[in-house]
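Participant: coords below, sequence missing:
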């Protein structure tokens, strides 16, 4: 038994470890995060897998051991991509190819190395080939896994054919290895290196910028998908934000606004409102423009001035760093930013070990496994952008994606608020209460993880002294629903679980900003930042630094979302609007009577008082937004494989 296992060890290890090695090389070559820990972890996962394959194959006759285990490995890769039936067919085809009699007695270790290398090259290059072709026939959801599966089989068959053609003479006996090396050199390298890494730093300042400016830097951090009432800094029962609480305690001039609201209900319209100080009915980035039941459409910001534009025109250096790929899919959001980019996470992952990690070890290297840029990566890019501004005033925007589905907290935080079991994906309308509770706990753990990263960034800014001369603004673009009002996710409702967001503002030393219990919106945040830098607001927002009492309504818009309807039903895609006036919030979902809530006594919006306060509800209806739609001809967007993968991970594509 031991002899049989030793005879299998080398070829099986070569085959199993090759995808890990190639994934690392391809990841670095494509500008991804070189997360060495993740790839070392994947290599360790490969070892017991290799041992299991050796044990299973050891009882077979000697001539069948290596071909059988390698064809089984091939079938396993295809099964993970396409399912068990295609995997079984692939295993049979690989066995037929690897069992062909050859004039050359191929050594077992070389056969294992060949299968590992050839299938790895085929697997990782095929995604780039599909992306390069860029035609409609190759843009379907299954295009990449089908191409990867075919590439694995073709590459193994090609190697076997080379073995068959080789002669017993030593020079020609090297033909298969030489062919494999040529494949890697002529096909893999151009595709690996063909995707330039995004520019990370602001261009060097000009001579005019070199003079120190008395104006303050502005650091705007958006915590994607974080709802205020799940943050302990806002009174939540779980300790999700201890770092932000400690920051507010030691930073006396910092203010947390108790009633801040997103003016939109998902990433694109909310960020566009933040950047323009306008509602979606004015800036034109609406759900019906970008989403349809059949896919993603192109969307463009209308010709309104943006926050980055006015700051840049007034002498600010500008940089935008974001983890959410939606922000690179809408034309116009980048206007005014000298640098506007998404740091890449781990772009390429070994399929088998990643499937094992997701199934049995979800808290280990979770962000790397999902290919998401981590908060630490965004932190580093924000600090790098600040440092590259030189002596000129600097505006840096950072977007963090931790709290967005999938809820995959890292091992340090996984299990903090609930038993460490895998949550059943994003919240779904059909989930039982216990399932929703587990999903919600994972979400809270993500906020705790994000809070730790924010604490680290704030500590760095304090140590460097930059925080003393900067406006720090921390907010969100929307929240997340977990079955409240019968709805889930975001982009589905204007109730508070999706629209009430955090807003924390810390001014530089010597500056003050007034706290208020009045409602404020994202358009006010954009207008305030513009006023800080230029002395004038943008859009329809208010300057929150104004000494005059803040008294204005906050309007919220949600446009029809065909993608939500297709996935969750009509209730998740109806147009809706809301207005918040003092402590009163009026909600109007199309096709249903208006609802009125008194947030002072009913923050969770559970008790509709419209019937008992009909006159008050009628008076507030005049302040509801118009939901004016923009008639745009938006073509279907051709997404790269990487963009499709991120939208799949975030739950927008199946």
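Facilitator: Received the coordinates, thanks. On a predicted model such as this, the values are computed, not experimentally measured, just so you know. Residues are numbered from 1 along each chain as shown.

Participant: nearest residue to the middle of the chain?
Facilitator: residue 324 (4.5 Å; C-alpha atoms, centre = their mean).

Participant: shouldn't it be in contact with residue 404?
Facilitator: Yes: counting by C-beta atoms under 8 Å, residue 324 does reach residue 404; the two are 6.9 Å apart. The C-beta positions use only the backbone N, C-alpha and C, and glycine is treated the same way.

Participant: any low-confidence regions in this structure?
Facilitator: The chain contains residues with pLDDT under 70 at 1-7, 100-107, 109-110, 127-144, 159-200, 204-213, 288-295, 549-550, 630-642, 653-654.

Participant: what's the lengthiest helix in it packed up against?
Facilitator: Longest helix of the chain, by residue count under DSSP state H: helix 433-464. If you count contacts as 3 or more C-beta pairs under 8 Å, 6 or more residues apart in numbering; DSSP states H and E, helix 433-464 packs onto strand 217-223, helix 242-250, helix 375-388, strand 470-475, strand 481-482.

Participant: which one of these lies closest to residue 610?
Facilitator: Within the helices and strands packed on helix 433-464, the stretch nearest residue 610 is strand 481-482; the backing value is 21.1 Å (C-beta to C-beta).

Participant: list the contacts of that closest one.
Facilitator: 427, 436, 439-440, 443, 487-490, 492-493, 495, 497-498 (C-beta atoms under 8 Å, 6 or more residues apart in numbering).

Participant: helix or strand for residue 429, which one?
Facilitator: Using DSSP states H and E, residue 429 is not contained in any helix or strand.

Participant: okay, now it: neighbour count?
Facilitator: By the criterion of other C-beta atoms under 10 Å, residue 429 has 16 neighbours.

Participant: tell me the contacts of it?
Facilitator: 483, 486-488, 568-569, 572 are the contacts of residue 429 under C-beta under 8 Å, 6+ apart.

Participant: buried deepest among the helices and strands packed on helix 433-464, which one?
Facilitator: strand 217-223 (a mean of 25; mean count of other C-beta atoms under 10 Å).

Participant: so what does that strand touch, helix or strand wise?
Facilitator: helix 267-276, helix 375-388, strand 394-400, helix 433-464, strand 470-475, helix 522-534.

Participant: what about 6 Å?
Facilitator: Judged by 3 or more C-beta pairs under 6 Å, 6 or more residues apart in numbering; DSSP states H and E, the packing partners of strand 217-223 are strand 394-400, strand 470-475.

Participant: just put those in a markdown table and tack on distance to residue 530.
Facilitator: Output for the helices and strands packed on strand 217-223, formatted as a markdown table (distance: least, C-beta to C-beta, whole Å):
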| stretch | distance to residue 530 |
| --- | --- |
| strand 394-400 | 10 |
| strand 470-475 | 12 |
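
Participant: closest one to residue 554 among the ones you listed?
Facilitator: Minimum separation from residue 554 across the helices and strands packed on strand 217-223 (C-beta to C-beta) falls at strand 470-475, 13.5 Å.

Participant: and that closest one, how far out from the chain middle?
Facilitator: Centroid separation for strand 470-475 versus its chain: 22 Å, with C-alpha atoms, centre = their mean, to the nearest Å.

Participant: and the contacts of that strand?
Facilitator: 216-222, 503-508, 525, 532 (C-beta atoms under 6 Å, 6 or more residues apart in numbering).

Participant: can you tell me which of those residues is nearest residue 389?
Facilitator: Once C-beta to C-beta is applied, the member of these that ends up nearest residue 389 is residue 217, at 7.4 Å.

Participant: okay, and the beta partners of that closest one?
Facilitator: residue 470 (DSSP bridges).

Participant: what's the helix or strand for the nearest residue to residue 325 once chain neighbours are set aside?
Facilitator: Excluding the flanking residues, the one nearest residue 325 by C-beta to C-beta, 6 or more residues apart in numbering is residue 646, at 4.3 Å. Assigned by DSSP H and E, residue 646 falls within helix 641-649.

Participant: elements contacting that helix?
Facilitator: Applying 3+ C-beta pairs under 6 Å, 6+ apart, one finds that helix 641-649 contacts helix 108-133.

Participant: contacting residues around residue 145?
Facilitator: Contacts of residue 145 by C-beta under 6 Å, 6+ apart are 81-82.

Participant: likewise the one 3 residues further on?
Facilitator: Contacts here follow C-beta under 6 Å, 6+ apart; on that basis residue 148 touches 81, 123, 126.

Participant: same thing but at 10 Å, please
Facilitator: 77-78, 80-82, 119, 122-127, 129-130, 351 (C-beta atoms under 10 Å, 6 or more residues apart in numbering).

Participant: next: residue 466.
Facilitator: 217, 219, 383, 386-387, 394, 460, 472, 508.

Participant: again with residue 547
Facilitator: So residue 547 contacts 512, 514 (C-beta under 10 Å, 6+ apart).

Participant: doesn't it lie inside a strand?
Facilitator: No: using DSSP: H, G, I helix; E, B strand; the rest coil, the assignment for residue 547 is coil, not a strand.

Participant: do you know how far it is from residue 471?
Facilitator: 17 Å (C-beta to C-beta, to the nearest Å).

Participant: try residue 443
Facilitator: Taking C-beta to C-beta, one finds residue 443 at 29 Å from residue 471.

Participant: now swap in residue 121 and tell me
Facilitator: Separation of residue 121 from residue 471 (C-beta to C-beta): 50 Å.

Participant: ok, now residue 598?
Facilitator: 33 Å.

Participant: what count of nearby residues applies to residue 571?
Facilitator: With other C-beta under 10 Å as criterion, residue 571 counts 17.

Participant: swap in the one 10 residues further on?
Facilitator: Other residues within reach of residue 581 by the criterion other C-beta under 10 Å amount to 18.

Participant: ok, it - contacts?
Facilitator: 518-519, 551-555, 616, 619-620, 623.

Participant: try it again with 8 Å
Facilitator: 519, 553, 620, 623.

Participant: quick check: bridge partners of it?
Facilitator: Beta-bridge partners, per DSSP bridges, of residue 581: residue 584.

Participant: again, but for residue 554
Facilitator: Here residue 554, judged by DSSP bridges, has bridge partners residue 580.

Participant: ok, it touching residue 579?
Facilitator: Yes: counting by C-beta under 8 Å, residue 554 does reach residue 579; the two are 7.0 Å apart.

Participant: how far away from the center of its chain is stretch 10-30?
Facilitator: 25 Å.

Participant: ok, how many other residues are close to residue 511?
Facilitator: Residue 511: 13 neighbours (other C-beta under 10 Å).

Participant: again, but for the one 4 residues further on
Facilitator: Summarising burial for residue 515: neighbours were counted as other C-beta under 10 Å, giving 13.

Participant: over to the one 5 residues further on?
Facilitator: By other C-beta under 10 Å, 24 other residues sit near residue 520.

Participant: cool, and residue 433?
Facilitator: By other C-beta under 10 Å, neighbour count at residue 433 equals 8.

Participant: what sits against it?
Facilitator: Residue 433 touches residue 483, counting by C-beta under 8 Å, 6+ apart.

Participant: distance-wise, check residue 650 relative to residue 367.
Facilitator: 13 Å.
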